[in-house]
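Student: Mind folding the following:
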Amino acid sequence: MQFPNEKQLQSLRERYPAGTKICLNHMEDPYAPIPGGTIGEVQYIDDAGNIHMIWENGRTLSLIEGADSFTIIKEEENI
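Tutor: Numbers count the residues shown, from 1 in each chain. Predicted structure coming up:
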């Protein structure tokens, strides 16, 4: 496994700041995956580039960009 450099970490942290809402599409975890369609919130991104989450079902399994499939939930603009 190759760890991200500082520029890559900065990019990840800008794309997924704490509080970002994410909907999981699919997770490649053979032991205890989070079900697709589960919504979670980004807590932080560690120095290895793992996106630490807290999921609506109470779990805290991290996401890995490029390995897991997920979508950012954009808040609707107030009119």
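Student: Could you use CA atoms for every contact and neighbour count after this?
Tutor: Noted.
Student: Do you have the strands of the protein handy? List them.
Tutor: In the chain, the strands defined using DSSP state E lie at 21-26, 39-45, 51-55, 69-72.
Student: Quick one: closest of the ones you listed to residue 9.
Tutor: Closest approach to residue 9 among the strands of the chain (C-alpha to C-alpha): strand 39-45, 8.0 Å.
Student: So for the closest one, what gets flagged as buried?
Tutor: 39, 40, 41, 42, 43, 44, 45 (16 or more other C-alpha atoms under 10 Å).
Student: Stretch 61-68 too?
Tutor: In stretch 61-68, counting by 16+ other C-alpha under 10 Å, buried: 61, 62, 63, 64.
Student: Which two among these are spaced furthest apart?
Tutor: Pairwise over the buried residues of stretch 61-68, using C-alpha to C-alpha, the maximum falls at 61 and 64, 10.0 Å.
Student: any residues in contact with both of the two?
Tutor: Counting by C-alpha atoms under 8 Å, 6 or more residues apart in numbering, residue 61 and residue 64 have no shared contacts at all.
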